[in-house]
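*Asks:* compute the structure for the input listed below.
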Amino acid sequence: MNIFSIIVQQICIFITLGVVGVIAVKTGILSEEALGHFSRYLMRIAIPVMIFTNTINGATRQDLFDSLLILLLAVVMYLCLLTLSAVLARAFHLQGNRRKVFRAVSSFGNVGFMGIPLLSALFPETGMIYVALFTIVDQSVLWTVGVQLTQPEGETTKVSLGAALRKMVNPAIVSVLLAVIFVLLGWSLPTFLNTALTSVANTTSPLSMIYIGGLFCFTDVRAYFRKAELYGMVVFKMLLFPILFYLVLSRLPISQEIAVTMTVFAGLPTMSTIPMLATASGSDGEYAVGALIMTTAFSALTLPLLGYIMM
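*Replies:* Coordinates of the predicted model:
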């Protein structure tokens, strides 16, 4: 099965699960509070366990060494996306909290809820080692630059290096470090433990999309589908930039798998953590939720298109 077919199949699965989330909310099975519990379970347990188990079960020490370029490419990608987000914010004349939140939602992709299932389907053996390495840079940028962008305009609080490092000691990073240690040392889990944790990991994809589908029911989606800058983000961040990124990467002496992986990361919809950070800090959290919903909806078109280009 080629890249395009796999991505289309995954998108169809995502849409189906999203509809399940909508039905669950509309029938009263899930409440907004329950979705919050879903999110915490996914971020603190399911996603870290999935990164850990898929990495140690599918990657070798040589795969790890061959994939270290991901670290450099991730840094380059974030530098480009942060620059692009600043240009777009200026072009659409955004001001105050909205300008900062727009930059955040334009820069950080939903690796946990959408990137991991996609990469796992595209590259079952090596996909999680790519995710693990990318997560190191992703979390570093999120808890430094991302935190600053989700603070209210004029906020003078500075995030110290120590505070940023403490924020980075989260379940995702711990799972990445443990996975790297296991791969480097050639360790494996006892069969019963591996089976149990793999079962937990398998809940990640369905619950992630049920959660996002449920969010549609608690957001005034129509208000955000009238925001011109969000269409600009879809076109430039989720489509044109990933295409350009892929064209550049495909001409470099790197593997096709890494080029495809970085393109998928670049084209993902908004990271679900950004609305949480913006809301917690008193910034424009509702706008961030709207961006999450709209970009997730449009990813059903943009991600298959990227897959077609990468065939």
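*Asks:* the helices in the stretch 151-300 of the chain, which residues?
*Replies:* Assigned by DSSP state H, counting those that start in this stretch, the stretch 151-300 of the chain shows helices spanning 161-168, 171-185, 191-201, 204-216, 221-224, 228-235, 241-249, 256-266, 273-281, 285-309.
*Asks:* redo those as a markdown table? Include distance to residue 17.
*Replies:* Bear in mind the C-beta positions are built from the backbone N, C-alpha and C, glycine included. Compiled in a markdown table, the helices of the stretch 151-300 of the chain are given as follows (distance: least, C-beta to C-beta, whole Å):
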| stretch | distance to residue 17 |
| --- | --- |
| helix 161-168 | 30 |
| helix 171-185 | 22 |
| helix 191-201 | 16 |
| helix 204-216 | 4 |
| helix 221-224 | 18 |
| helix 228-235 | 22 |
| helix 241-249 | 24 |
| helix 256-266 | 19 |
| helix 273-281 | 20 |
| helix 285-309 | 12 |
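*Asks:* select, out of the ones you listed, the one closest to residue 58.
*Replies:* Closest to residue 58 of the helices of the stretch 151-300 of the chain, according to C-beta to C-beta: helix 171-185, at 9.6 Å.
*Asks:* who does the closest one touch, helix- and strand-wise?
*Replies:* Counting contacts by 3 or more C-beta pairs under 8 Å, 6 or more residues apart in numbering; DSSP states H and E, helix 171-185 packs against helix 47-58, helix 61-66, helix 127-141.
*Asks:* what's the neighbour count on residue 205?
*Replies:* Applying other C-beta atoms under 10 Å, we find 23 residues neighbouring residue 205.
*Asks:* again with residue 264
*Replies:* By the measure other C-beta under 10 Å, the count of residues near residue 264 is 26.
*Asks:* list the contacts for the residue nearest to it when sequence neighbours are not counted?
*Replies:* Distances taken as C-beta to C-beta, 6 or more residues apart in numbering place residue 118 nearest to residue 264, at 5.7 Å, with adjacent residues excluded. Residues counted as contacts of residue 118 (C-beta atoms under 8 Å, 6 or more residues apart in numbering) are 7, 10, 264, 303.
*Asks:* what sits against the spatially closest residue to the last one that is not a sequence neighbour?
*Replies:* I take that to be residue 303. Sequence neighbours aside, residue 7 is the residue nearest to residue 303 in space, at 5.5 Å (criterion: C-beta to C-beta, 6+ apart). By C-beta under 8 Å, 6+ apart, the contact set of residue 7 is 118, 122, 303-304, 306-307.
*Asks:* buried ones in stretch 228-248?
*Replies:* Buried positions in stretch 228-248, judged by neighbour count with 16 or more other C-beta atoms under 10 Å: 229-230, 232-234, 236-239, 241-243, 245-246.
*Asks:* and the residue lying closest to residue 210 once chain neighbours are set aside, how far is that from residue 215?
*Replies:* Leaving aside its sequence neighbours, residue 210 sits nearest to residue 21 (C-beta to C-beta, 6+ apart; 3.9 Å). For residue 21, the distance to residue 215 (C-beta to C-beta, to the nearest Å) stands at 8 Å.
*Asks:* which residues does stretch 227-243 contact?
*Replies:* 80-81, 84-85, 88-89, 91-92, 94, 102, 105-106, 224, 263-264, 266-269, 290-291, 294-295, 298-299, 302, 305-306, 309.
*Asks:* ends of it, how far apart?
*Replies:* 24 Å (C-alpha to C-alpha, to the nearest Å).
*Asks:* need the pLDDT of residue 156.
*Replies:* Note on residue 156: pLDDT of 50.
*Asks:* that older thread, correct me if wrong: the residue nearest to residue 210 contacts residue 214.
*Replies:* Yes: Residue 21 is within contact range of residue 214, at 4.0 Å (criterion: C-beta atoms under 8 Å).
*Asks:* identify the contacts common to these two.
*Replies:* Shared contacts of residue 21 and residue 214, defined by C-beta under 8 Å, 6+ apart, are found at residue 30.
*Asks:* buried by neighbour count: which residues of stretch 212-223 qualify?
*Replies:* For stretch 212-223, the neighbour count (16+ other C-beta under 10 Å) marks 212-217, 219 as buried.
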